[in-house]
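Student: any chance you can model this:
(one chain, ligands or ions: 1)
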Amino acid sequence: MMLDLRRITIELSKWNEGKAIVLRGKGNMFCAGSDLAAVQFLVSPKEGGNVCMYMQNTLYAFQCLPMVSLAYIEGKAMGGGAELVTACDLRLMHESAEIRFVQRRLGLIPGWGGTTRLKRLIGRQRAMRLLMSGLGVRGEEALRMGLVDGVGCEPHVWLDTVVGGLDSYVIKTIKSAVNQTDFKTDQQSLQREIELIYKVWGGPANRQAIDAIKRKE
Ligand SMILES: CCC(=O)SCCNC(=O)CCNC(=O)[C@H](O)C(C)(C)COP(=O)(O)OP(=O)(O)OC[C@H]1O[C@@H](n2cnc3c(N)ncnc32)[C@H](O)[C@@H]1OP(=O)(O)O
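Tutor: Presented below is the predicted three-dimensional model:
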């Protein structure tokens, strides 16, 4: 998934006529985050940090795409999947869908840019609550807190009400204008997120969680 997302992002960055893309999962899953089978083998902070840096770079490039990106969340967006949601420009949810920052369960923090983006999106207090508790957020609550823009809407119809009739160059320029205000502060924050990942990845809570996953297998 990580490699595919990077490849597709590079391809899309060259599509200047594009107005919008819809990111959606398969079946009852938007995205379950990092592959836990692989995470078990990333034992050192450096290895974990490198994967997070890779995903930060991919999601930064994704956010800079010239067209509007819409996350359409059906089913679950867990861990890194929830971080991916925050990297999209707009978000819609199915009534039964759930967004959940489960990184704490692994003794980790979101390291794909999720702490930075979530706080910007819903504010400090709500971000703290979701990151600390690891509780899932569904439809109306997600809408109320500004985590999503709509619930139960058909994505293409809804998207048409937002960007329909807009010129692709105007869309690109609106994105550049909004992004540049965020990115000035985000750069430092993203760098700090990686430094903090180094402190938890491979630490006691993380090792304990990974050992528990291994015992289940
Ligand atoms: C480091 C940054 C991060 O992304 S940390 C977060 C990593 N992700 C997670 O902790 C999510 C772990 N998965 C879950 O909590 C559940 O599987 C969720 C996503 C809620 C789905 O539950 P449910 O619908 O009951 O399905 P299930 O558990 O039977 O899973 C179906 C099969 O998929 C697999 N799966 C699921 N998530 C992952 C994952 N992240 N990495 C690797 N495999 C995953 C399950 O193991 C299961 O596989 P199998 O059918 O038993 O072979």
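Student: how about residue 29, phi and psi?
Tutor: phi -140, psi 120 (degrees, to the nearest 10).
Student: and for it, the neighbour number?
Tutor: Taking other CB atoms under 10 Å as the criterion, the count of residues near residue 29 is 15. Where C-beta positions appear, they are placed from N, C-alpha and C, glycine not excepted.
Student: again with residue 34
Tutor: As a burial measure, residue 34 scores 25 neighbours (other CB under 10 Å).
Student: how about the nearest residue to it, chain neighbours excluded?
Tutor: residue 80 (5.1 Å; CB to CB, 6 or more residues apart in numbering).
Student: only the buried residues of the lengthiest helix in the chain, if you could.
Tutor: In the chain, with assignment by DSSP state H, the single longest helix is helix 168-200. Neighbour counts over helix 168-200 (16 or more other CB atoms under 10 Å) mark 168, 171-172, 175, 179, 186, 190, 193-194, 196-198, 200 as buried.
Student: lowest pLDDT pick from those?
Tutor: pLDDT across the buried residues of helix 168-200 is lowest for residue 186, at 86.
Student: test my guess that it contacts residue 119.
Tutor: No. Using CB atoms under 8 Å, residue 186 is not in contact with residue 119, being 10.3 Å away.
Student: shared neighbours, those two?
Tutor: Counting by CB atoms under 8 Å, 6 or more residues apart in numbering, no residue touches both residue 186 and residue 119.
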